[in-house]
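Visitor: No sequence on hand, only this structure:
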């Protein structure tokens, strides 16, 4: 009987001593540094840059591509067709010669509608990224309401091949 509690105490003591040993862990930290540069060009050749830098080697690659004048004319005509029209059918007729057949079908430009929407406006700015994708900002008055429109477009063979129409709402 005396041996059993002594054995339990001895085992408990060994576990306690082995559990209290100090373990040293090495903490290794490494810093990865990158620099990312986004170049957005307006058609008027203005550039704005956003740089995100960390603490290491800095590599900056920047390519400046000259704007093709035909694309500028195409994009201005495209933006003006969206900014100035007397009906949706009128707008769509103006857009048809500027777009590829696939884009016309995908966006329903060839569908006749009875929607009575009138718009008067102008192309404020045209932006281009390094993948030849364009963003057009329009200021319009549609049926008496001031509206900002953001058109996103891709150009292929001097025609709009893909597009997205976005109404911009100002919250504050």
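Guide: Right, received. Where do you want to start? No experiment lies behind these values; they were computed from the predicted model shown. Numbers count the residues shown, from 1 in each chain.
Visitor: right, and the helix or strand after the strand ranked longest in the chain?
Guide: Of all the segments assigned as strand in the chain under DSSP state E, the longest by residue count is strand 145-156. The first helix or strand that comes after strand 145-156 along the chain, using DSSP states H and E, is strand 159-168.
Visitor: tell me which residues in that next one are buried?
Guide: Buried residues in strand 159-168, counted by 16 or more other CB atoms under 10 Å: 159, 160, 161, 162, 163. Just so you know, the C-beta spots here come from the backbone N, C-alpha and C atoms, and that holds for glycine as well.
Visitor: just the angle between it and strand 145-156, please?
Guide: Interaxial angle of strand 159-168 relative to strand 145-156 (axes from the mean of the first three to the mean of the last three CA atoms, to 10 degrees): 150 degrees.
Visitor: What's the mean pLDDT across strand 159-168?
Guide: When pLDDT is averaged along strand 159-168, the result is 94.
Visitor: same for that strand, what does it pack against?
Guide: helix 69-83, helix 101-106, strand 145-156 (3 or more CB pairs under 8 Å, 6 or more residues apart in numbering; DSSP states H and E).
Visitor: Tell me which of these approaches residue 120 most closely.
Guide: helix 69-83 (7.4 Å; CB to CB).
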